[in-house]
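Undergrad: I need the structure of the sequence given here:
(4 chains)
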There are 2 protein chains.
Amino acid sequence: MSESRAMRADARRNRDAIVAAARDVFDRDEQLRFDDFAARAGVGVGTLYRHFPTREALAAAVYEGEVATLVEHARDPEHSAIENLDAVLRGFVEYLVGHAGLARTLAAVVDPAVQADGGVELEGTIGELLRQATADGAVRPGIDVGAIMIVLHGIGSATDRPDWASESRGAVELLLAGLRASRSPSASTGDR
Amino acid sequence: MSESRAMRADARRNRDAIVAAARDVFDRDEQLRFDDFAARAGVGVGTLYRHFPTREALAAAVYEGEVATLVEHARDPEHSAIENLDAVLRGFVEYLVGHAGLARTLAAVVDPAVQADGGVELEGTIGELLRQATADGAVRPGIDVGAIMIVLHGIGSATDRPDWASESRGAVELLLAGLRASRSPSASTGDR
DNA sequence: TTGACAAATGGAGACAGTCTCCATATTCTC
DNA sequence: GAGAATATGGAGACTGTCTCCATTTGTCAA
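TA: Presented below is the predicted three-dimensional model:
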């Protein structure tokens, strides 16, 4: 993103090859040894490490593009904020469901501990839609983007569940319903 | 749980020592080398491995007790199913928030890939409360326990988020609100 | 073009955990 | 108390991660 200075041509070429190889590996959910990523991309381990010091950094690079696509049609002015929010969240899940292999890795990107531009962008977009939808009165006030991110995080990291795909869709429905619910019913029976 | 045959006294003693040490380590969120768990518990690595072949198995053992406590006051006959469900879910989050270190590891237990009795029990209990609450008409029909588990999974695995505690509480509120919402508003604008 | 300098490469090998194996020690049973 | 059964522990094999630097490749000014 903010490439400080021009990158040498061979460096760029290698970087791209690595990302392409990684996308492929993640997508088919191959459990590959880090060294082998390098072999797969046709570069040496050293090169791999210089470009991407950690597995997460690599994942982040892969997702940057994907997330950009997801987020892109999120500001459709034809629709209200709540409709766009709805579309982004459903779209996100459908994307993950369609790429189960990628989902596992994505958890890292949703995680802010990893400084992934993709994750920041996703959260920013959802946050803005949420703010707008709240202002419109379509979402009950007092909801934090973080709560939504946590649900997404759950979807990304629960891929081992046998019924993961449908459960994930269910989780998003639950989330959307919760956002719109007129008021927090707060049926808490006092304390216990 | 289903200890097939009596365990030799020394074996039981060691097992217990290991679990106690592990609980301690997880709770203070120390990042310990697997070998060191053994040292900490005063046993050899071999012993550790015989009792707990993987890190998850160890985590599962630690949580078995904890989850039992959580689940215990979940069938309070004084309250309706939805009230008990509410209490269990909030209780679960408060427990995790109070033991952030444990939460990270807990993610493994919520995961059914790991055959952890604690996880199975938790899911079973929540499922039953959900079923009952649905029958009572307090929860809108068609909701799958799995969707709830996914949200819990998210809470357990998002501990790196700087504002994790409050976001987790927010996620549970969202979840509870979604459960009660009268109908899935389905504001989806057709397809896109 | 070409020379000179900076940047990038790759893979051998150092390193750090994980896990196995089995001679020895402990517990149990009669 | 003897013998059988079970458990122990830790040395060392193994597996994957990451560093380091001699060599190669690209860039640019002349």
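Undergrad: in what helix or strand does whichever residue of chain A sits closest to chain B lie?
TA: Closest residue of chain A to chain B, C-beta to the nearest C-beta: A:Gly154 (2.4 Å). Placement of C-beta: from N, CA and C, glycine included. Element membership for A:Gly154 (DSSP states H and E) is helix A:145-157.
Undergrad: hey, which helix or strand in chain A has the poorest pLDDT?
TA: Least confident helix or strand, chain A: helix A:100-110 with a mean of 72, by mean pLDDT, DSSP states H and E.
Undergrad: Can you mark which positions in the very next helix or strand once past that one are buried?
TA: For helix A:100-110, the following helix or strand on the C-terminal side (DSSP H and E) is helix A:117-135. Residues of helix A:117-135 classed as buried by neighbour count (16 or more other C-beta atoms under 10 Å in any protein chain shown): A:117-119, A:121-123, A:125-126, A:128-130, A:132-134.
Undergrad: relative to helix A:145-157, how tilted is helix A:117-135?
TA: 130 degrees (axes from the mean of the first three to the mean of the last three C-alpha atoms, to 10 degrees).
Undergrad: what packs against helix A:117-135?
TA: Contacts defined by 3 or more C-beta pairs under 8 Å, 6 or more residues apart in numbering or on different chains; DSSP states H and E place helix A:117-135 against helix A:55-72, helix A:81-98, helix A:100-110, helix A:145-157.
Undergrad: Lowest average confidence across the ones you listed, which one?
TA: The minimum mean pLDDT among the helices and strands packed on helix A:117-135 belongs to helix A:100-110 (a mean of 72).
Undergrad: List, one by one, the residues from chain A near DNA strand C.
TA: Contact residues (C-beta under 7 Å from any atom of the strand) of chain A with DNA strand C: A:7-8, A:10-11, A:13-14, A:42-47, A:49-51.
Undergrad: least trustworthy position among those, going by pLDDT?
TA: Least confident of those in the model: A:Met7, at 88.
Undergrad: picking that back up, ok, and which of the residues of chain A next to DNA strand C reach DNA strand D?
TA: Among these, the ones lying near DNA strand D by C-beta under 7 Å from any atom of the strand are A:Arg8, A:Asp10, A:Val45, A:Gly46, A:Tyr49.
Undergrad: burial measure for the first one, as a count.
TA: Applying the criterion other C-beta atoms under 10 Å in any protein chain shown, we find 9 residues in the vicinity of A:Arg8.
Undergrad: And it, its phi and psi?
TA: For A:Arg8, the backbone dihedrals (degrees, to the nearest 10) come out as phi -60, psi 150.
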